[in-house]
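> this one's structure only:
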């Protein structure tokens, strides 16, 4: 039994994107070679000119 009988849920607006609301995000940090690991897979950022200023940059996987 609900604590209150009144429905206090807000209407879902067209600006709300369900795929963004229910998305799992995991942060990763780039290594020296501009790579990070996600689900046992290694990804490497490919830049035309590698600059180590990107090292330790946080990336978010979606």
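On my side now, so go ahead. Quick caveat, the model's predicted, so the values are computed rather than measured.

> Would you check how far apart the residue nearest the centre of the chain and residue 39 are?
Most central in the chain under Cα atoms, centre = their mean is residue 25, positioned 3.4 Å from the mean C-alpha point. Distance, residue 25 to residue 39, using Cβ to Cβ, to the nearest Å: 14 Å. Using the backbone N, CA and C atoms, a C-beta is placed for each residue, glycine as well.

> Okay, buried residues for the worst-scoring helix or strand of the chain on mean pLDDT please.
Confidence across the helices and strands of the chain bottoms out at strand 58-61, with a mean of 70, counting by mean pLDDT, DSSP states H and E. Neighbour counts over strand 58-61 (16 or more other Cβ atoms under 10 Å) mark no residue as buried.

> That one pairs with which strands, and in what direction?
Strand 58-61 sits in its sheet next to strand 26-29 (antiparallel), going by DSSP bridges.

> can you pull the buried residues of the partner strand?
With burial defined by 16+ other Cβ under 10 Å, not one residue of strand 26-29 is counted as buried.

> same check, this time on stretch 32-45
Using 16+ other Cβ under 10 Å as the test for burial, stretch 32-45 gives 34, 36.

> now that stretch: how far from the chain's centre is it?
Mean C-alpha position of stretch 32-45 versus that of the full chain (Cα atoms, centre = their mean, to the nearest Å) differs by 15 Å.

> what's the answer for stretch 6-26, then?
Relative to where its chain is centred, stretch 6-26 has its mean C-alpha point 16 Å off (Cα atoms, centre = their mean).

> can you give me the helices for the protein?
Ranges of helices within the chain are 18-21, based on DSSP state H.
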